[in-house]
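Peer 1: Sequence plus predicted model, see below.
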Amino acid sequence: MGGCIAKIITTDEDGDFVYLSLVSGNFDSDADGVPALQLSNDGKLCVQDTDDIDMVSGKTIRLLIRLEDGRGKQSFIEGILDFSNKTRFASRRINNTTWFESPWMGTFFAGDNGWIYHLSLGWLWGKPDQSGGYWFWDDAWSSWWWCTEDAFPWIYRDDSKGWVYLN
């Protein structure tokens, strides 16, 4: 997050410098006026707004990039960015399956659409927030709750407006 995620290497048969620009696919999910990505003229594709990246967790984004030589010649390339699902909580995959082990969240199955099945908590739908925490829809409680890595197993239940310790 916040670093460069790709390097595009270009050459021009005439030896001209190749200018790069993002034509489509860059996004500003949080509408703060700062696009998620930045493409430099030396071909570095970097994350410019990590909040935007958090909001597309688990999605695939298509980028269209224009290459120009300054003399009117141009071409386009397409790139695909696949953002891993942030609801995997800094976990490790168990035996190359869709099960994960998180140092703070425990063992869970991760689906492709934000839903997880936690061994102790059951089905949860998780969404990262802007402050480093996570909101979860808890199917068993029919309620939202919130937590962070540092607070867990303490959670804030939205329906009762109070903190609960998960035992």
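Peer 2: Okay, I see it. Numbering: from 1, shown residues only.
Peer 1: And the next helix or strand past the helix or strand of the chain with the lowest mean pLDDT?
Peer 2: Within the chain, confidence by mean pLDDT, DSSP states H and E is lowest for helix 50-55 among all helices and strands, at a mean of 74. Downstream of helix 50-55, the first helix or strand assigned by DSSP states H and E is strand 60-68.
Peer 1: distance between that next one and the chain's centre?
Peer 2: Using Cα atoms, centre = their mean, to the nearest Å, the mean C-alpha position of strand 60-68 is found 18 Å from that of the whole chain.
Peer 1: how far away is the residue located most distally from the centre of the chain from W137?
Peer 2: No residue in the chain sits farther from the centre than D14, which is 39.0 Å out by Cα atoms, centre = their mean. Separation of D14 from W137 (Cβ to Cβ, to the nearest Å): 57 Å. Every residue, glycine included, has its C-beta placed from N, CA and C.
Peer 1: care to break this protein down by domain?
Peer 2: Here the domain parsing of the chain from automatic domain parsing is 4-82, 86-165.
Peer 1: just how off-centre is the last one within its chain?
Peer 2: What that stands for is domain 86-165. Worked out by Cα atoms, centre = their mean, domain 86-165 lies 16 Å from the chain centre.
Peer 1: Kindly report the same for stretch 64-80.
Peer 2: Distance, stretch centre to chain centre, for stretch 64-80: 26 Å (Cα atoms, centre = their mean).
Peer 1: any low-confidence regions in this structure?
Peer 2: Where the chain drops to pLDDT under 70, the residues are 1-2, 54-55, 57-58, 84-88, 112.
Peer 1: redo that, cut-off 50
Peer 2: Across the chain, the ranges flagged by pLDDT under 50 are 1.
Peer 1: what's near enough to touch the nearest residue to the residue farthest from the centre of the chain once chain neighbours are set aside?
Peer 2: Leaving aside its sequence neighbours, D14 sits nearest to D69 (Cβ to Cβ, 6 or more residues apart in numbering; 6.9 Å). Contacts here follow Cβ atoms under 8 Å, 6 or more residues apart in numbering; on that basis D69 touches D12, D14, D16, F17, V18, Y19.
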